[in-house]
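In: any chance you could fold what I've pasted below:
(one chain, ligands or ions: 1)
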Amino acid sequence: MNHSANMHLRAPLPADLIDAVRAFTRGDIDAAIVLGSGLGGFAETVEIIDERATEDFPGYPASTIAGHDGRLLVAHAQGKRLLLFQGRVHGYEGYGPAMTALPARLAAALGAGLLIVTNAAGGLDPSFDAGDLMLISDLLVLPAARGMGAELQDFGTDAQPLTRPLFDPLLLDTARRAAADAGIPLREGTYGFCSGPTYETRAEIAFFRLAGVHAAGMSTAPEIISASRAALPVLAVSCITNVARTVRQAVTHEEVTRVAAQASDDLARFVHALLRRI
Ligand code: HPA
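Out: As a prediction, this is how the structure comes out:
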C-alpha cells in the first residue's frame with residue numbers, strides 16, 4: 001500500500017480509511033472532485049455508480065454545516081471515472097489541516113490523476129459579478145488570522161518548501177480552453193484563505209485587495225497545498241457568490257448557497273468540458 005503521499009503530514013491517514021475508500025471506488029480514479037458550498041448539483045449531471053455517506057467511512061470527519069451533504073460518490077462522465085466529494089469540512093468547524101485537506105490526501109493515496117477543487121468565494125475584484133467562475137491561479141494563506149495556528153503543525157513540522165508551482169501551467173491552460181469550449185467566461189486570480197467562520201471584516205477586505213487577492217474563502221487552500229506537496233495535479237475553481245464592491249458587505253450563508261446553486265450549471269458545463277480535455 002502506498003502511504004507515501006501522506007508522509008508530509010504529521011497525522012498519517014488512517015489505513016482503514018484509505019482501505020474503505022479504495023474498496024468503495026473499486027478501480028482507478030481519473031479525477032477526484034470536491035464539490036463545495038451549494039455546488040453539489042454537479043452530481044446530477046453524471047452517471048452515478050455508487051454513493052455512500054461519509055459517516056460510513058471510518059475516521060471520516062463529519063460535516064456540520066448546511067449545504068454540505070457529506071457524501072462520496074463514484075461516477076462516470078465523459079469516459080472518465082470520478083470520485084466526488086459532496087461537501088467538505090472546514091477549519092472553523094474545529095478540524096485541523098490534516099482533516100480539511102482530507103479529499104486531497106485520499107485522492108493522492110488512491111493515485112487519482114487529477115484533483116478538481118470547487119468552492120464558493122467572495123469576490124474582491126470589483127469587476128467580478130455574483131455567479132462568475134474564477135480559476136484559482138495563486139493563493140494567499142493567512143490561516144492564523146483567527147487562532148488556527150496550532151493546528152498548522154498538522155502540515156508537518158519540517159518546514160518543507162513547496163517545491164513545485166501550486167498549479168501546473170499546462171493544466172491551467174487546459175482549464176482556460178475548457179471554459180472556452182463551454183462558452184463560459186472564466187475569471188482568474190488569487191484566492192485569499194481566511195479561517196472564518198465570520199466573513200471578512202472591512203479591514204480584511206481592504207487588506208486582501210491591497211495584497212492583490214481576487215476572491216476570499218474559508219476552504220480549498222489546505223487541499224491545494226496538500227495536493228501540490230503530494231505531486232497530485234490540481235485545479236481549483238471558485239464560484240463567486242457575492243462581490244464586495246465597497247469595503248462594506250453584508251453576506252449570508254443563505255445567499256452564498258443560493259447563488260452557488262444558480263452558478264452550478266455553469267460549473268457543471270465547465271467541469272464536463274475539462275473532463276473531455278484530460
Ligand atoms: N468571504 C469568505 N468566504 C465566502 C464569501 C465571502 O465573502 N462568500 C462565499 N464564501
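In: quick check: phi and psi on residue 181?
Out: phi -50, psi -40 (degrees, to the nearest 10).
In: any idea how far it lies from residue 175?
Out: 11 Å (C-beta to C-beta, to the nearest Å). Heads up, the C-betas are built off the backbone N, CA and C, glycines and all.
In: between the two, which one's more packed in?
Out: Neighbours per residue (other C-beta atoms under 10 Å) separate residue 181 from residue 175, with residue 175 holding more: 27 against 15.
In: element containing the more buried one?
Out: If you go by DSSP states H and E, residue 175 is part of helix 169-181.
In: ok, residue 104 next?
Out: Counting by DSSP H and E, residue 104 is found in helix 102-109.
In: wait, is residue 60 part of a helix?
Out: No. Under DSSP: H, G, I helix; E, B strand; the rest coil, residue 60 sits outside any helix and is assigned coil.
In: which residue does the stretch 101-250 of the chain bring closest to the ligand?
Out: Scanning the stretch 101-250 of the chain for the residue nearest the ligand gives residue 122, at 2.0 Å (criterion: C-beta to the nearest ligand atom).
In: quick one, what contacts that residue?
Out: Contacts for residue 122 (C-beta atoms under 8 Å, 6 or more residues apart in numbering) come out as 199-200, 215-217, 240-244, 249, 251.
In: export the one helix or strand it maps to to CSV, keeping only CA atoms.
Out: Using DSSP H and E, residue 122 falls within strand 114-123. Output of strand 114-123 as CSV, limited to C-alpha atoms (Å, rounded to 0.1, in the frame of the first residue of the first chain):
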residue,chain,number,x,y,z
LEU,A,114,-6.2,14.9,-11.1
LEU,A,115,-7.9,16.8,-8.3
ILE,A,116,-10.5,19.4,-9.1
VAL,A,117,-11.5,21.6,-6.1
THR,A,118,-14.5,23.9,-6.2
ASN,A,119,-15.8,26.4,-3.6
ALA,A,120,-18.0,29.4,-3.0
ALA,A,121,-16.0,32.5,-2.5
GLY,A,122,-16.5,36.2,-2.1
GLY,A,123,-15.3,38.4,-4.9
